[in-house]
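S.K.: sequence and predicted structure are below.
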Amino acid sequence: MSDSLYPKASAEFARKREELTPDQSKAFKAFSQSVFADGALDRKTKQLIAVAVAHTTQCPYCINGHTKGALHDGASEAEIMEAIWVAAEMRAGGAYAHSNLALDIMQHRPDKG
């Protein structure tokens, strides 16, 4: 067990995952390769989207892998940081928009005169 909250990704874990669920592992790899292949969006754009999403889901493994992938596919450090700011705005925007729920409750509370 490491001192980190998250164990370091390793070839040993990957082998064990594939050993336990070979069909699903194979299908997931094929799906991932398909998703990140050039299409209407190029690989760099897809990696930048993945960096942003990884920050909203707060997955350290995804942040690590997709930041490396974005750099590999030609993204600049500034592009990566802008993608992260987009993610931050989306999380903040979600909290702001959902304040309507609290405002509605406050507006319709029975003791409000």
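M.R.: Sure thing, it's come through.

S.K.: could you use CA atoms for every contact and neighbour count after this?
M.R.: Fine.

S.K.: pull the distance from the top helix by length along the chain to the chain's centre.
M.R.: In the chain, assigned by DSSP state H, the helix with the most residues is helix 77-107. How far helix 77-107 lies from its chain's middle: 15 Å, per Cα atoms, centre = their mean, to the nearest Å.

S.K.: name the helices or strands packed onto that helix?
M.R.: helix 43-57, helix 60-72 (3 or more Cα pairs under 8 Å, 6 or more residues apart in numbering; DSSP states H and E).

S.K.: which one of these lies closest to Met90?
M.R.: helix 43-57 (7.9 Å; Cα to Cα).

S.K.: buried set for that closest one?
M.R.: Neighbour-count burial for helix 43-57, with 16 or more other Cα atoms under 10 Å as criterion, is recorded at 43-56.

S.K.: for these, give me CSV that also has pLDDT and distance to Val86.
M.R.: Below are those laid out as CSV (pLDDT from 0 to 100; distance: Cα to Cα, whole Å):
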residue, pLDDT, distance to Val86
Arg43, 98, 18
Lys44, 98, 16
Thr45, 98, 14
Lys46, 98, 14
Gln47, 98, 14
Leu48, 98, 10
Ile49, 98, 10
Ala50, 98, 12
Val51, 98, 10
Ala52, 98, 7
Val53, 98, 9
Ala54, 98, 12
His55, 97, 10
Thr56, 96, 10
